[in-house]
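> got a predicted structure plus its sequence, pasted below:
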Amino acid sequence: MSLLELKNVTVRFGGLVAVNDVSFNVEEGEVFALVGPNGAGKSTVFNLISRFYAPAGGDILFEGKSILGTAPHDIPGLGIARTFQNIELFEHSSVLQNLLVGRHTHCRSSFLSDMIFTPFVRDQERHHREAVEHVIEFLDLQPYRDKLIAGLPYGVRKVVEMGRALAIQPKLLLLDEPASGLSVEETQDVAFWIEDIKKVMGITVLMVEHDMHLVSSVSDRVLALADGKMLAIGSPKEVQSDPAVIEAYIGADDLVEQEEAAL
Amino acid sequence: MRFVFKTSYDADIRMFKHQSQAFWYVLLLVVALALPFLIDDYLIGEATLVLIWAICGMGLMILVGQSGQVSLGHAAFMAVGAYSNVIYQTQLGIPFILSFPLSGLTAGVAGAIIAMPTTKLHGIYLAIATLAISVLAEDLIVILEPITGGVGGIFAPDIQLFGFQFSRYGHPNELYWLVLAVTLIVLYLYRNIIRSPIGRAFSAVRDSEVSAKAMGVNVARTKMIAFAISCFITGLGGALMGHFATVFTNETFNIIISIQLLLMIVVGGLGSIHGAFFGAVIIGLLPLVIAFARDGVAQMLGVGSITIPGLETAIFGGLLVIFILFEPLGIYGRWIKIRTYFSLFPFYRRDMFRRQKSYLKTERTR
Ligand SMILES: Nc1ncnc2c1ncn2[C@@H]1O[C@H](COP(=O)(O)OP(=O)(O)OP(=O)(O)O)[C@@H](O)[C@H]1O
Ligand SMILES: [Mg+2]
């Protein structure tokens, strides 16, 4: 049984078919990358798995069970964490508090016991802070621990968002363009972290990324999408040399060049 | 400048960040406790009023500052607290020690019920819906005349507790201490909320609903809890206000009070407990200052007395405009800047609190 299965999933926005009959499986323990030109429907696939969008057809299974009846806020409880392409952090809270929100699914106290701050709540807080401290250490976020998000540089925000998703201790981690807008060194770090997330933490990763260098260095399998349709699936090498994929990218050629120039 | 070294997880969970912070608050508490020995009965009455405003302000602050929802109808929940407290006492014979928390609960439940449909609304629509609640509440009080006394008003008996009496005119010091005790309890609850999961869920909902959901926060439920807690606290404040006013009518908790409450926390500084207190001091003492200044001007001109209707509201409105334009973080924000200026002197830079240049949002969809 695959960890995540998409079966003939289709999404329409009015007349636009953003995701067209897409099927793929993500196996436990692998890093699976979604690539494709802008507007291919990659983020839409993420929003489907997060249940922010409902598919017009098809089914999504996590650990063999359909998640189409699950509310969006119950998805992380199943063990699916995500980041957003355009960073959605809690701006007016500190890094620590942002990461602690990631522990929300593990909190067992009611709002009444929270208000009284019972010994149970105190213990729970200690426990979550310990868990979060591991994430801070893993991602080298110590210098920013008590800083407000509103004042942090872009690169750090990206890392904090990844940390917040990791604080959930998910089985499946969805990363939407983890390296976009990062410097070469920062992208290096992201590559190392993804390796460690897979090998040390044992978390399966599904990621969207435009940086083909990063994709081929960390992912086990790649799926190429264009205009919502599946073009090719296989190892990074296979997909990159696939004629359909090359063709799809030619339309967006200057864009790819621009991106490469930026890297 | 102070560096706090954190050596255990408790360092972040604790109430006070460091010893000297605790010292200042304890000193403040001692002064507050000794206040009746320092000022006369009239001023103690004013101080009591400021504390009641602070309680109501903390209630609204939980909703607006913490969970990011707006309410222009909180006077309605003050009214629920005030009326239910008196009705429980005089018509059901429940003693104050029970009727008081029950009145808060009543307001809290009312808030939760009203939150069910309204939390789907955002911004201006939520403001309008809650404003409507304030209007409705006033009418409801008139309609329910047999229990509320309608436009004739209702009389709040003196508080009896553990053999002591508390009232504005007969026993003002006792009333002051009682209100201070409630203030401290509410303060404690508030602090607990912001250092525990529910408080983090509030700020998550406030800052980004999408990502709150992605972190497993049930947004609708969290908003409802925020409403319930907020109305509970404001209801307690309202119950105390009822006793303070001694007699109150549907007019006592009108829309102007709702708006004043909201202005109060904005001027004080959104999102901080300090803000609720700063705002309460302003709202409580502004009429005093205005009256004082007016008498001074009248004397100077040699006329008997000047009455300018709506002067208070106008000055308060003016203050609000000034704050929104020049100090959106309120008095508390200004205070932090002044404090930082002194602790860093001479290294303070004017742009220290300016936000980092915001990054480009490239994604077309969310
Ligand atoms: N909520 C929405 N309403 C209408 N159209 C949408 C919505 N979300 C996505 N789309 C459209 O669906 C298509 C796929 O969008 P999506 O964001 O998934 O692309 P993407 O592959 O992530 O692209 P990028 O690399 O630019 O992030 C686009 O044409 C987009 O305009
Ligand atoms: Mg995208």
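Received it, and whenever you're ready, just let me know what you need. Everything quoted here is computed from the prediction, not taken from an experiment. Numbering: from 1, shown residues only, chains lettered A, B, ... in the order given. Ligands and ions are numbered 1, 2, ... in the order given.
> got the confidence number for whatever residue of chain A ends up closest to ligand 2?
Ligand 2 sits closest to residue A:43 of chain A, with a gap of 3.0 Å, by Cβ to the ion. Where C-beta positions appear, they are placed from N, C-alpha and C, glycine not excepted. Note on residue A:43: pLDDT of 94.
> before we move on, which element is it in?
According to DSSP states H and E, residue A:43 maps onto helix A:42-49.
> same thing with residue B:33?
Element membership for residue B:33, per DSSP H and E: helix B:19-38.
> helices or strands next to that helix in the packing?
Applying 3 or more Cβ pairs under 8 Å, 6 or more residues apart in numbering or on different chains; DSSP states H and E, we find helix B:19-38 packed against helix B:41-61, helix B:172-194.
> mind checking the SS state of residue B:131?
Put simply, residue B:131 is helix when judged by DSSP: H, G, I helix; E, B strand; the rest coil.
> picking up where we left off before, I'd say the residue of chain A closest to ligand 2 and residue A:176 touch.
Yes - counting by Cβ atoms under 8 Å, residue A:176 is a contact partner of residue A:43 at 5.8 Å.
> that older thread, of all the helices and strands packed on helix B:19-38, which one is nearest residue A:101?
Residue A:101 sits nearest to helix B:172-194 of all the helices and strands packed on helix B:19-38, at 13.0 Å, using Cβ to Cβ.
> so for that closest one, mean pLDDT?
On average, helix B:172-194 scores 92.
> does chain A sit close to that helix?
Yes - contact of helix B:172-194 with chain A is found when judged by Cβ under 8 Å from any Cβ of the partner chain, involving B:189, B:192-193.
> as CSV, could you dump the C-alpha coordinates of the helix or strand following that helix?
With elements assigned by DSSP H and E, the helix or strand that comes after helix B:172-194 is helix B:197-207. Presented in CSV, the C-alpha positions along helix B:197-207 are these (Å, rounded to 0.1, in the frame of the first residue of the first chain):
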residue,chain,number,x,y,z
PRO,B,197,-2.4,26.3,23.1
ILE,B,198,-5.7,28.1,22.9
GLY,B,199,-3.9,31.5,22.9
ARG,B,200,-1.6,30.3,20.1
ALA,B,201,-4.7,29.1,18.2
PHE,B,202,-6.2,32.6,18.6
SER,B,203,-3.1,34.3,17.1
ALA,B,204,-2.9,31.7,14.3
VAL,B,205,-6.5,32.4,13.3
ARG,B,206,-5.8,36.1,13.5
ASP,B,207,-2.7,36.1,11.3
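> quick one: list the elements packing against helix B:197-207.
Secondary-structure packing of helix B:197-207 (3+ Cβ pairs under 8 Å, 6+ apart): helix A:95-101, helix A:111-116, helix B:209-214, helix B:219-245.
> quick one on the thing from earlier: of the helices and strands packed on helix B:19-38, flag the one that's most buried.
Mean neighbour count (mean count of other Cβ atoms under 10 Å in any protein chain shown) peaks for helix B:41-61 among those, with a mean of 23.
> distance between it and the chain's centre?
With Cα atoms, centre = their mean, to the nearest Å as the basis, helix B:41-61 stands 9 Å off its chain's centre.
> show me what the next helix or strand after that helix is packed against.
For helix B:41-61, the following helix or strand on the C-terminal side (DSSP H and E) is helix B:74-90. Applying 3+ Cβ pairs under 8 Å, 6+ apart, we find helix B:74-90 packed against helix B:41-61, helix B:96-118, helix B:123-143, helix B:145-148, strand B:154-155, helix B:219-245, helix B:255-268.
> what's the angle between helix B:74-90 and helix B:219-245?
Using axes from the mean of the first three to the mean of the last three Cα atoms, to 10 degrees, the inter-axis angle of helix B:74-90 relative to helix B:219-245 is 60 degrees.
> please consider this matter closed, and thank you.
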